[in-house]
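In: Predicted model follows, preceded by the sequence.
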Amino acid sequence: MLNWLSANLVDIALIAALALIVGLLIRGMIRDRKAGKSPCGGNCAACGACKGCSACGGCSAMNDKGAGISGSAR
């Protein structure tokens with residue numbers, strides 16, 4: 001067992017470091033989500049996903065109003 005650990009110590013350390021980085025990234029994304037930060041930065045003009053961007057309240061509100069206007073005109 002010790003021979004296997006010593007032979008694979010570099011691989012184990014690398015995997016542990018990558019797992020730590022991924023965990024920190026996920027934790028940051030969760031914190032941003034709970035804080036209400038938008039993934040598109042709140043810049044509706046530059047957001048390519050604003051048609052369905054639920055994180056950006058301004059974009060969603062504008063699309064809902066726009067959908068209601070165009071829907072009533074039909």
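Out: That came through fine.

In: can you list the domain ranges for this protein.
Out: What automatic domain parsing lists as the domains of the chain is 1-37, 41-74.

In: looking at the ones you listed, which one has the lowest mean pLDDT?
Out: Lowest mean pLDDT within the domains of the chain: domain 41-74, a mean of 54.

In: secondary structure class for Leu5?
Out: helix (DSSP: H, G, I helix; E, B strand; the rest coil).

In: Give me the number of neighbouring residues for it.
Out: When neighbours are defined as other Cβ atoms under 10 Å, Leu5 has 9 of them. For every residue, glycine as well, the C-beta is placed using N, CA and C.

In: And for the one 5 residues further on?
Out: Look at Val10: counted by other Cβ under 10 Å, it has 8 neighbours.

In: What helix or strand is it located in?
Out: Using DSSP states H and E, Val10 sits in helix 9-34.

In: Okay, buried residues for that helix please.
Out: Using 16 or more other Cβ atoms under 10 Å as the test for burial, helix 9-34 gives no buried residues.

In: and Lys37, helix, strand or coil?
Out: coil.

In: if I look at it, how far off is Met29?
Out: With distances taken as Cβ to Cβ, to the nearest Å, Lys37 is found 10 Å from Met29.

In: go on, Ile21?
Out: For Ile21, the distance to Met29 - Cβ to Cβ - is 13 Å.

In: Check Ala13 too.
Out: Using Cβ to Cβ, Ala13 is found at 25 Å from Met29.

In: same check, this time on Ile12
Out: 26 Å.

In: what's Leu14 in contact with, if anything?
Out: Applying Cβ atoms under 8 Å, 6 or more residues apart in numbering, we find Leu14 in contact with no residue.

In: try 10 Å this time
Out: Asn8 (Cβ atoms under 10 Å, 6 or more residues apart in numbering).

In: same deal with Ile12?
Out: With Cβ under 10 Å, 6+ apart, Ile12 has these contacts: Trp4, Leu5.

In: give me phi/psi at Gly36?
Out: phi 80, psi 20 (degrees, to the nearest 10).

In: For burial, what's the neighbour tally of it?
Out: 8.
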